[in-house]
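Novice: whatever this is, show me its structure:
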Amino acid sequence: MKIYFDHNATTPVRAEVKELITQMLGEVGNAASIHGYGRAAQHYVEQARRSLAATLDVDANQVIFNSGATEGNNTVIKYFAQKTDGRGRILVSSIEHPSVIHCGVNVETIPVSSAGVVDLNQFEAMMGAGDAPLLVSVMLVNNETGVIQPVAEIAKIAKKYGSLVHCDAVQAYGRMAVTRHDLGVDYMTLSAHKIGGLQGVGALIIAPRVEVPILLHGGGQERRQRAGTSNVMGIAGFGRAAQLAVENLGHMGQLALWRDQIEGELKSCASVSVVGDGADRVGNTSLIAVEGQESDVLMMRFDLEGVAVSTGSACSSGSSQKSHVLHAMGLDDSRVPQGFVRISLGHTTTPDEVAQFIKIAQKILAKK
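Specialist: As a prediction, this is how the structure comes out:
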């Protein structure tokens, strides 16, 4: 049995999305064309825009489609950096995705606790130290640990100082109830392939009456807010995946039970602990720390057993550098060597896979 437990990297395309895409493969049309074929393509785009907007309780015109969350994050961060030629303050949490923290812009990093949660007291102290920041960016759910950040509280503090707020909600959307209004943020980035859509498509959600950041200029697509030929099939699939993911949020409760079952069984090994288990976490994610092991060796052992897991962020694969998330949490300074394995469940996970995974993991973790 092959087991795919790396849904935070990407999740399998949902059957209903495949069905829609298969139908669309027989069609042709550039959504920017004004003839009938173009209008048909544009209909798919606008239908998806309405679907996505409905799941977030925003107006359709607040949804801008793009190539994914990396583009969305870069669009927001770089736009505000360029407004002041890099002299304005931008605050981001120290555990942000690389597309925020390493996007080529000078940022100030907000510390987190040993559990991986933004320190609100230190954050407010930073807000009041000097000019008010132009922008604050904090993710809702960390992609490595699954720890949920207090974004609504962060937004309230930021608003007291007149700062705008951006939230990378990629690992939260479709896994917990999320609306832009409840978070109180001005910008939110999403990605289709984390919820069963296609890779290479995402969205930037923008609050009413705030500046619209633009990264790509050229044609008039997306109401001149994001140039480039629309990825019609990807966008249509995103809309369908969004509907399905939000309709099936209840399934996250089952995933959380399976996640807890896995953690309970593995923690019976003396060398195993769970990163961030003292904080609120999204139900599908577990980052396991194993004393006396190396992350790459553990992942290879799982791979040889037909199990797909990861050592952390897929966007940092191929790098020998340690996780900046673990560094921010103070977990890479331990005198005892530790290996880390991220387990992330999803809509295709079955109880048989969970039971088989536990057996394989116990065997692997028993090795030295």
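
Novice: okay, CA-based contacts and neighbour counts for the rest of this
Specialist: Fine.

Novice: skipping adjacent residues, who's closest to residue 346 in space?
Specialist: Spatially, and ignoring its direct neighbours in sequence, residue 346 is nearest to residue 7 (5.7 Å; Cα to Cα, 6 or more residues apart in numbering).

Novice: measure the one you found to residue 88 for me?
Specialist: Computed as Cα to Cα, to the nearest Å, the residue 7 to residue 88 distance reads 36 Å.

Novice: higher neighbour count, those two?
Specialist: Comparing residue 7 with residue 88 by other Cα atoms under 10 Å, the one with more neighbours is residue 7, at 25 against 17.

Novice: surely residue 188 forms part of a helix?
Specialist: No - secondary structure of residue 188 (DSSP: H, G, I helix; E, B strand; the rest coil): strand, not part of a helix.

Novice: okay, and the beta partners of it?
Specialist: Taking DSSP bridges as the rule, residue 188 bridges to residue 167, residue 205.

Novice: need the pLDDT of the residue lying farthest from the centre of the chain.
Specialist: The C-alpha centroid of the chain is most remote from residue 35, which lies 37.0 Å away (Cα atoms, centre = their mean). You'll see residue 35 listed with a pLDDT of 97.

Novice: same question for residue 318.
Specialist: pLDDT recorded at residue 318 is 47.

Novice: before we move on, back to that, and the gap between the residue farthest from the centre of the chain and residue 28?
Specialist: Counting by Cα to Cα, the gap from residue 35 to residue 28 is 12 Å.

Novice: do you know how far the residue nearest to residue 346 is from residue 366?
Specialist: According to Cα to Cα, residue 7 stands 25 Å off from residue 366.

Novice: mind listing residues that contact stretch 68-79?
Specialist: 66, 90, 99-100, 103, 105, 135, 166, 168, 170, 187, 189-192, 199-204, 213-215 (Cα atoms under 8 Å, 6 or more residues apart in numbering).

Novice: buried sites along it?
Specialist: 68, 69, 70, 71, 72, 73, 74, 75, 76, 77, 78, 79 (16 or more other Cα atoms under 10 Å).

Novice: tell me the pLDDT at the fifth one?
Specialist: In other words, residue 72. What the model reports for residue 72 is a pLDDT of 98.

Novice: that one sits in which helix or strand?
Specialist: Taking DSSP states H and E as the criterion, residue 72 maps to helix 69-83.

Novice: try residue 258
Specialist: Per DSSP H and E: helix 251-266 holds residue 258.

Novice: tell me the one among the buried residues of stretch 68-79 nearest to residue 258.
Specialist: Relative to residue 258, the closest of those is residue 69; by Cα to Cα it sits at 28.0 Å.

Novice: that older thread, please compute how far the helix holding residue 72 lies from its chain's middle.
Specialist: Its chain's C-alpha centre and that of helix 69-83 lie 16 Å apart, by Cα atoms, centre = their mean, to the nearest Å.

Novice: what do you get for stretch 8-16?
Specialist: Taking Cα atoms, centre = their mean, one finds stretch 8-16 lying 14 Å from the centre of the chain it belongs to.

Novice: wait, a strand at residue 197?
Specialist: No - counting by three-state DSSP, one finds residue 197 to be coil, located in no strand.

Novice: that one against residue 10, yeah?
Specialist: No - with contact defined as Cα atoms under 8 Å, residue 197 does not reach residue 10; the gap is 9.3 Å.

Novice: the two: which has the busier surroundings?
Specialist: Between residue 197 and residue 10, residue 197 has the larger neighbour count (other Cα under 10 Å), namely 31 against 20.

Novice: quick one, phi psi at that one?
Specialist: phi -100, psi -170 (degrees, to the nearest 10).

Novice: nice, that's everything, thank you.
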